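K.L.:
I would like to see how this sequence folds:
(one chain, ligands or ions: 2)
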Amino acid sequence: MSDVAIGIHDVTKRFGRTVAVKNATLEISQGEFFSLLGPSGSGKTTLLRIIAGLEAPDGGRVTIAGKDVTDLPPYARGVGMVFQDFLLFPHMTVAENIQFPLRMQHANRATRDERLAWIVKLLRIDGLEGRFPHQLSGGQQQRVALARGLISRPALLLLDEPLANLDRELRKEMEVEVRRYQRELGIPFVYVTHNQEEALTMSDRIAVMRAGGFEQVAPKLDVYIAPATAFVASFVGHANRLRGNLRDGMLDWKGHRLALPKIEGATDGDAIDYFIKCEHLTIAPAGTSVGANLNRVDGTIRDIIFKGQVADHLVVLGDGTEIVVSEAASLPRVKAGDAVSITWAPDAGRSFRALDT
Ligand SMILES: Nc1ncnc2c1ncn2[C@@H]1O[C@H](COP(=O)(O)OP(=O)(O)O)[C@@H](O)[C@H]1O
Ligand SMILES: [Mg+2]
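P.N.:
Ligands and ions are numbered 1, 2, ... in the order given. Coordinates of the predicted model:
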């Protein structure tokens, strides 16, 4: 049997003149936590709804477990769903809310009770079955919504920004929980989010979407470390973008001559976007001498923003350009007003030909 759980083959969806999904092709494996990550309007929800059968594609096919489901209605696809506004029925108890999909399928009472017992235990909400939604915390409500999506034992679960309405603390906790459910169930989760931290925490692989297409589909570490496009480099992680021109194999950026990774097909004078993540920069004493294997620019610390484990150092260069350097927060070596040098290994960054502004 093939390991491919979900196949998306050249899927396109238009709304009037908007191309919401453009020639999307993708295979998601059994047991994979897969995220669709992209800004608002990039087509994530539309693609998820096409997998669910809530939206019919204008072209292309969808397969689940090797079977073409493109023309099947949602209820015949064996798919569970959880959405951002999870809409529990306020007048129903937790048990009734969770069992609702089974009632729709006319499952008998014994099955309903057995499944309920299984899912409330998995999601650690046993004991709450008799409560009403307004008697639950945000996290408990979210777990009930997840339980409702899972009680039919779907072959896969589709989640559309399910944690977006939770406060940060709870979201962080639920990210780990949801990932654990996925591991324990061993079914693929397709998770839609615009939040890169969420995608990086939870996923095995990530598809970065932009304007209905895939910019990169790769294991999350690859997306983070080796962005395939300038868009991915700017959208995932926190990077400084240095836009300059290629001169004699170096980047001429505001008068600085910087080493950079080779760019296929680029020639002298080309406009280049060089992305360097904040954590790949180092603050050094002003005027630190560096060899040819390091880049260096000089500036003054304007502000230090403490973020917990790291602190973002805002460094202003002579011409007013601001560079952000993330350093471990435990060593307050410098303070606002200090003159410093910023150094880094050129290969830690990624360079692309600048295509837009
Ligand atoms: N039912 C619809 N009618 C018209 N346009 C839509 C509809 N659904 C989505 N769109 C458009 O399709 C594009 C992709 O939307 P969507 O899939 O919701 O993106 P995302 O989930 O990434 O924010 C957007 O331009 C959006 O306005
Ligand atoms: Mg959406």
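K.L.:
which residues are contacting stretch 123-135?
P.N.:
88-95, 97, 116-117, 120, 136, 140-141, 143-144, 146-147, 150, 177, 181 (CB atoms under 8 Å, 6 or more residues apart in numbering). The way it works is simple: take the backbone N, C-alpha and C, and place the C-beta from them, glycine included.
K.L.:
Equivalent analysis for stretch 274-283, please.
P.N.:
When contacts are defined by CB under 8 Å, 6+ apart, stretch 274-283 is touched by residues 227, 230, 233-234, 237-244, 251, 253, 258, 260, 301, 310, 312-313, 315, 323-327, 333-334, 340-345, 348-352.
K.L.:
Name whatever forms a beta bridge with Phe15.
P.N.:
Going by DSSP bridges, Phe15 is paired in beta bridges with Thr18.
K.L.:
Please apply the same query to Leu251.
P.N.:
Leu246, Leu258.
K.L.:
Name the next helix or strand following the helix or strand Glu169 falls within along the chain.
P.N.:
Secondary structure assignment for Glu169, by DSSP states H and E: helix 168-185. Following helix 168-185 in sequence order, the next helix or strand is strand 189-193 (DSSP H and E).
K.L.:
Could you tell me the angle between that next one and helix 168-185?
P.N.:
With axes from the mean of the first three to the mean of the last three CA atoms, to 10 degrees applied, the angle from strand 189-193 to helix 168-185 works out at 160 degrees.
K.L.:
Give me the buried positions along the helix or strand just after strand 189-193.
P.N.:
Moving toward the C-terminus from strand 189-193, the next helix or strand (DSSP H and E) is helix 196-202. By neighbour count on 16 or more other CB atoms under 10 Å, the buried set for helix 196-202 is Gln196, Glu198, Ala199, Leu200, Thr201, Met202.
K.L.:
just stretch 51-66 next, same as before
P.N.:
Ile51, Ala52, Gly53, Glu55, Pro57, Gly60, Val62, Thr63, Ile64, Ala65.
K.L.:
Then stretch 344-357?
P.N.:
Those would be Trp344, Pro346, Gly349, Arg350, Ser351, Phe352, Ala354, for stretch 344-357 by 16+ other CB under 10 Å.
K.L.:
Now, those residues that are in helices?
P.N.:
Among the buried residues of stretch 344-357, no residue falls in helices (DSSP state H).
K.L.:
Go through the buried residues of helix 196-202 and name the one nearest Tyr75.
P.N.:
Met202 (27.1 Å; CB to CB).
K.L.:
Surely that closest one is in contact with Lys172?
P.N.:
No. Counting by CB atoms under 8 Å, Met202 stays clear of Lys172, with 11.0 Å between them.
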